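# Predicted structure and sequence below. I'll ask about it afterward.
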Amino acid sequence: MATGPVKRSFAPWEDPDAKAFIRFDNITKRFGEFTAVDDLSLDIYEREFFALLGPSGCGKTTLLRMLAGFEKPSEGRVFLDGHDITDVPPHRRPVNMMFQSYALFPHMSVEKNIAFGLKQDRMPKGEIADRVAEMLKLVKLEAFARRRPDQLSGGQRQRVALARSLAKRPKVLLLDEPLGALDKKLRGETQFELMDLQMELGLTFVIVTHDQEEAMTVSDRIAVMNEGRLVQVSTPAVIYETPGSRYVAGFIGDVNFLEATVVTAEDDRFELTSDKWATRIVATAGDHRAEPGETAWLSIRPEKMRISLDQPEDTSVNCVPGEVWDVAYLGDISIYHVKLDSGEIVKSSVTNLTRLVERPITWDDRVWLSWPRDAGVVLTR
Amino acid sequence: MNGFSTSRAGRLIVRLLPYAWLLVFFLLPFLIVFKISLSQVTLAIPPYMPTFDLVGGISGLMDSVRQLSFENYAFLFSDRLYVLSYLSSLQIAGISTLLVLMIGYPIAYGMARSPRAWRPTLLMLVILPFWTSFLIRVYAWIGILSREGLLNNFLMSTGIIDAPLTILSTNIAVYIGIVYSYLPFMVLPLYASLERMDESLLEAANDLGCPPPKTFWVITVPLSLPGIVAGCFLVFIPAVGEFVIPDLLGGSQTLMIGRTLWAEFFNNRDWPLSSAVAVILLLILVIPIMIFQNMQQRQQEKNS
């Protein structure tokens, strides 16, 4: 079982000696002419909560289904805990899946649904009853044991599906858009429950989702996928703060891109210029493939752009003027759409720290946007 | 204006329509048949008495009612022919239903799992035989099954058999005829229930350690049970009373209640007795179905 708060220092992917628990080795999957997964290799470690994130059709579900055994890779091998499981049929894999549709057996009670997998293993009756009771307690559905799935709410069904897929204590739990059918509030609560459960049980979870917020909340690492390939695999914080490409930056969270020309690209100093602005753009992080003279983008999150009515003292670095084009008041934050003098529209978000109803900055105000050197990332792709 | 009242009247008519239909086309004819079954045979037109009319006034009508009796029913059960006919019909219909289920299930399953684009065509092919007359299709089987028929010719030309098989005019021909004719009635409800089934249920069962053949028995079959029940009723009920198939394909030893009824009605012109045969047949079929539906309803209430 879990040994206390191992989570904080949990980063086996940084340990060169750590052995992969799940390994996708040069996997390609074709459906007729369509290539769903394209020569993909990926290591997932034991006890990791791993998210596959991407738009629909990016191959994330195919990858998950290959782990469950429902799809066979056209090329490449899949390993689990050191064993090649590529040719093992789904019913012999120590892996269980929670389906997007939940796939609860409609002709069986909650109890029987949860016991189904245990019965297949010919577990003694008494043990099955104990395990079912334990699972029902885990998902807080003790009172609903004898109900049938059609007599449950969506949230309850989701819990039954979770209990059923955990009942056999699989080595890996696969979750295919597990919270997609829940409303936003319930989804948020369930995300935290999933995290707690994963830590408590000490299992490896692989989740497929198209919801970037969900992936950020629950997972240790995220693999961002596009068109059958991995675009970036890293922790939520790294993906958010140091995206490797404009695709990743745009897929996770809100972002502004300022297009300019590279002047210098050194280890921790990137400088861009453009005729559009009087200011120089300087950043401490970026893509080392950047070459002077080529086009690049400063990727910067709206919350890292300071907006002010007064002109800052130094406007020569990271400072552009503009006009407020639109204001979105969301309660906790306000988002300003600023039309720069160069024509681009840039977003800046401000946390509303006071209860002022009249915001000091409003439509058509002349404003200055500025940001520190370590706020943005220079991207070349 | 009076939109409210017309819509209410409209709704009432819609609700009463099926009852009115059943009353006019089922209950009234049934009562007439039932009344005839209580009458006695006579040489007249119609060939039974008493007939109800108001010529003799109320007392005459009461007189007529007093002449009705259950004699025909008593006779029916005293003669082995009728009892044997019923039992043999139930047996032939029962075995045929099982055969149709065994052949129809794989067909329906294959259709439900075929690519979505093919399904309308496959469905069409199942219904296609209805475009020719039932009678012609059964006649065609005579040409296939007779001693000089297509089947025997084929088997002899390929050297599988030396002498022609006698299939026509046996119970085997009757089974073939019933299975062929009623197959669509089994396939359609089965297809409907299998096609609705969520394929991820099968994957979930596999995922939980259930191998595919077992998954079929513990997931697919229970979930298609409504289709199985509907299909079996649709085949069994008409097959019990079937007349054309045993008459054309069966032999003299093929005993089925439809044939007995026909002989009683047209050859012996004994309308009262044949009406009694029909009434008993109806009871034999309706009572088990009612018990079954009652049981199902109770099962559902228990679950909820």
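Everything's here; your move.
# What's the end-to-end length of stretch A:9-25?
27 Å (C-alpha to C-alpha, to the nearest Å).
# Which neighbouring elements make contact with whichever helix or strand B:Y175 is part of?
B:Y175 is part of helix B:171-196, with elements assigned from DSSP states H and E. Contacting helix B:171-196 under the criterion 3 or more C-beta pairs under 8 Å, 6 or more residues apart in numbering or on different chains; DSSP states H and E are the following elements: helix B:80-112, helix B:119-127, helix B:134-145, helix B:225-240, helix B:244-249. Every residue, glycine included, has its C-beta placed from N, CA and C.
# Nearest to chain A among these would be which one?
Ranking the helices and strands packed on helix B:171-196 by proximity to chain A (C-beta to the nearest C-beta) places helix B:225-240 first, at 8.2 Å.
# what's the single longest helix in chain A?
helix A:184-201 (DSSP state H).
# And the residue nearest the centre of chain A?
Centroid-nearest residue in chain A: A:A215, 2.8 Å away (criterion: C-alpha atoms, centre = their mean).
# quick one: secondary structure of the closest residue to chain A within the stretch 51-200 of chain B?
In the stretch 51-200 of chain B, the residue found nearest to chain A is B:S200; the distance is 4.1 Å by C-beta to the nearest C-beta. Classification of B:S200 using DSSP: H, G, I helix; E, B strand; the rest coil returns helix.
# Quick check: the gap between it and A:M98.
In this view, B:S200 and A:M98 are 11 Å apart by C-beta to C-beta, to the nearest Å.
# the more surrounded of those two?
A side-by-side neighbour count of B:S200 and A:M98, using other C-beta atoms under 10 Å in any protein chain shown, places A:M98 first with 25 against 18.
# residues in contact with the more buried one?
A:M98 makes contacts with A:A161, A:L162, A:R164, A:S165, A:L173, A:L174, A:L175, A:D176, A:P178, as judged by C-beta atoms under 8 Å, 6 or more residues apart in numbering or on different chains.
# tell me which element the nearest residue to it once chain neighbours are set aside is part of?
In this structure, A:M98 finds its nearest non-sequential neighbour in A:S165, 4.4 Å apart by C-beta to C-beta, 6 or more residues apart in numbering or on different chains. Here A:S165, judged by DSSP H and E, is contained in helix A:154-166.
# Distance from that helix to the middle of the chain?
Offset of helix A:154-166 from its chain centre (C-alpha atoms, centre = their mean, to the nearest Å): 22 Å.
# Quick check: next helix or strand after that helix?
Per DSSP H and E, the first helix or strand lying C-terminal to helix A:154-166 is strand A:172-176.
# Let me see the mean pLDDT of that following strand.
Averaged over strand A:172-176, pLDDT sits at 93.
# could you check the angle helix A:184-201 makes with that strand?
170 degrees (axes from the mean of the first three to the mean of the last three C-alpha atoms, to 10 degrees).
# Give the partner strands of strand A:172-176 in its sheet and their orientations.
Using DSSP bridges, the strands paired with strand A:172-176 in its sheet are strand A:95-98 (parallel), strand A:204-209 (parallel).
# Turn those strands into CSV, including distance to A:E303 and mean pLDDT.
CSV is the format used below for those (distance: least, C-beta to C-beta, whole Å; pLDDT from 0 to 100):
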stretch, distance to A:E303, mean pLDDT
strand A:95-98, 34, 93
strand A:204-209, 23, 93
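# got those as CSV, with distance to B:T166 columns?
CSV is the format used below for the strands paired with strand A:172-176 (distance: least, C-beta to C-beta, whole Å):
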stretch, distance to B:T166
strand A:95-98, 58
strand A:204-209, 64
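# out of these, nearest to B:V41?
B:V41 lies closest to strand A:95-98 among the strands paired with strand A:172-176, at 72.0 Å (C-beta to C-beta).
# Run the chain-centre distance for the closest one.
On C-alpha atoms, centre = their mean, the centre of strand A:95-98 falls 19 Å from that of its chain.
# can you list the residues of the stretch 201-304 of chain B near chain A?
Applying C-beta under 8 Å from any C-beta of the partner chain, one finds that the stretch 201-304 of chain B approaches chain A through B:201, B:203-212, B:219, B:222-223, B:303-304.
# now with 7 Å?
For the stretch 201-304 of chain B, the contact set with chain A under C-beta under 7 Å from any C-beta of the partner chain comprises B:201, B:203-204, B:206-211, B:219, B:222-223, B:303.
# Give me the buried entries from these.
Taking 16 or more other C-beta atoms under 10 Å in any protein chain shown as the criterion, what is buried in these is B:L201, B:E203, B:A204, B:N206, B:D207, B:L208, B:G209, B:C210, B:I219, B:L223.
# Going by secondary structure, the fourth one is in what exactly?
Same thing as B:N206. Using DSSP H and E, B:N206 falls within helix B:199-207.
# Over the helix holding A:S165, what's the mean pLDDT, rounded is fine.
Averaged over helix A:154-166, pLDDT sits at 91.
# Pull up the distance across stretch A:249-265, start to finish.
Terminal residues of stretch A:249-265 lie 20 Å apart, using C-alpha to C-alpha.
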